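A.B. asks: The sequence isn't on hand, but the structure is:
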């Protein structure tokens, strides 16, 4: 049992070092639409500073030069789910309900027989730092800080590092260029492009585009506020029955301390026209995991 436990972190880090996942079988490649989002009424006091934003469609996953479906939003696309060996499911984020999401089980290589040796997770819905990994996963599988969203201080939230194949405990890998395309890994994550495949014209056509502009400055209760428009363009949407979950990780600084706020919104494929511009009041976004 100790051997199994000691191997978990090693296997996970190895899987996040650029090793290519192998799909069991491809689904039919789905059609997709593009949506362009403008978020308004994003306001910060003079004591706060906007640092960065990472957007991601958790219902879709870049694979090679195409977008494929991740129905349960666990970071493991449908084509990679392996029921027989790992007990994962394309319809359930945590197929066996043990508190560890399927992608982490897959990356760790812990098959059904050895999953019994995982430490029991008593707080599987608790995510203290709102980085997308629950506290149990951070303490027992990824060995990241459950109380700070960016364990290695490279600017990328821990969960996104794992979803994109980086190591959340290694500061340096954010600034390397694994695929040699001239785009460092931290920017690949931000643009939602693969870190281990050269950015071709086809890949570039699917990358996210950001623009943050100051809209107005005003005073409220003696405090000065700056309000921004945040544009995130070229987000791909897939035809999934449970909707496309778009998650926004906004990194800010207050009193020299970086912090992250997480918001989410759902887009239904049938209700969006291709290349539609959607305006969202920041105050209506759902905060939290």
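C.D. replies: All right, it came through fine. Just so you know, these numbers come straight off a predicted model, no measurement behind them.
A.B. asks: tally of neighbours for the nearest residue to residue 283 once chain neighbours are set aside?
C.D. replies: Nearest residue to residue 283 in three dimensions, chain neighbours excluded: residue 41, at 5.7 Å (CB to CB, 6 or more residues apart in numbering). Heads up, the C-betas are built off the backbone N, CA and C, glycines and all. The tally of other residues near residue 41 (other CB atoms under 10 Å) stands at 15.
A.B. asks: now do residue 137
C.D. replies: 25.
A.B. asks: Would you agree it is in contact with residue 98?
C.D. replies: No: between residue 137 and residue 98 there is no contact under CB atoms under 8 Å: 10.4 Å.
A.B. asks: Please enumerate the shared neighbours of those two.
C.D. replies: residue 121 (CB atoms under 8 Å, 6 or more residues apart in numbering).
A.B. asks: could you say what helices and strands the host helix or strand of the residue nearest to residue 283 packs with?
C.D. replies: For residue 41, the element it lies in under DSSP states H and E is strand 32-45. In terms of contacts (3 or more CB pairs under 8 Å, 6 or more residues apart in numbering; DSSP states H and E), strand 32-45 is packed against strand 223-238, strand 244-254, strand 276-281.
A.B. asks: From residue 231, how far out is the residue nearest to residue 283?
C.D. replies: Computed as CB to CB, to the nearest Å, the residue 41 to residue 231 distance reads 14 Å.
A.B. asks: before we move on, what about residue 71?
C.D. replies: 28 Å.
A.B. asks: Which one of these two is surrounded by more residues?
C.D. replies: residue 71 (20 against 16).
A.B. asks: got a pLDDT number for the more buried one?
C.D. replies: The per-residue pLDDT reported for residue 71 equals 97.
A.B. asks: buried residues in stretch 66-75?
C.D. replies: Neighbour counts over stretch 66-75 (16 or more other CB atoms under 10 Å) mark 67-75 as buried.
A.B. asks: What's the end-to-end length of it?
C.D. replies: 15 Å (CA to CA, to the nearest Å).
A.B. asks: Quick check: phi and psi on the residue of the chain positioned farthest from its centre?
C.D. replies: Distance from the centre of the chain peaks at residue 222, with 37.1 Å (CA atoms, centre = their mean). Phi and psi for residue 222, reported as degrees, to the nearest 10, are phi 80, psi 0.
A.B. asks: and if you look at residue 141?
C.D. replies: Dihedral angles (degrees, to the nearest 10) for residue 141: phi -120, psi -60.
A.B. asks: what's the answer for residue 158, then?
C.D. replies: Taking degrees, to the nearest 10 as the convention, residue 158 sits at phi -50, psi -50.
A.B. asks: before we move on, what about the one 3 residues further on?
C.D. replies: Recorded main-chain torsions at residue 161 are phi -60, psi -50, according to degrees, to the nearest 10.
A.B. asks: Please name the spatially closest residue to it (chain neighbours excluded).
C.D. replies: Here the residue nearest residue 161, using CB to CB, 6+ apart, is residue 168, at 4.2 Å.
A.B. asks: per-residue pLDDT, the residue nearest to residue 283?
C.D. replies: Reported pLDDT for residue 41: 96.
A.B. asks: Also residue 88?
C.D. replies: For residue 88, pLDDT reads 95.
A.B. asks: thought it was touching residue 100?
C.D. replies: No: assessed by CB under 8 Å, residue 88 is found out of contact with residue 100, at 10.7 Å.
A.B. asks: give the contact list for the nearest residue to residue 37 once chain neighbours are set aside.
C.D. replies: Excluding its sequence neighbours, the residue lying closest to residue 37 (CB to CB, 6+ apart) is residue 232, at 4.8 Å. Counting by CB under 8 Å, 6+ apart, residue 232 touches 36-37, 39, 53, 55, 208-210, 248.
A.B. asks: where along the stretch 1-150 of the chain do the strands fall?
C.D. replies: 32-45, 48-57, 60-63, 66-69 (DSSP state E, counting those that start in this stretch).
A.B. asks: how about these, which one is nearest residue 174?
C.D. replies: Minimum separation from residue 174 across those (CB to CB) falls at strand 48-57, 11.9 Å.
A.B. asks: list the buried ones in that closest one?
C.D. replies: 50, 52-57.
A.B. asks: returning to what we had before: ok, the residue nearest to residue 283 touching residue 281?
C.D. replies: Yes: counting by CB under 8 Å, residue 41 does reach residue 281; the two are 5.2 Å apart.
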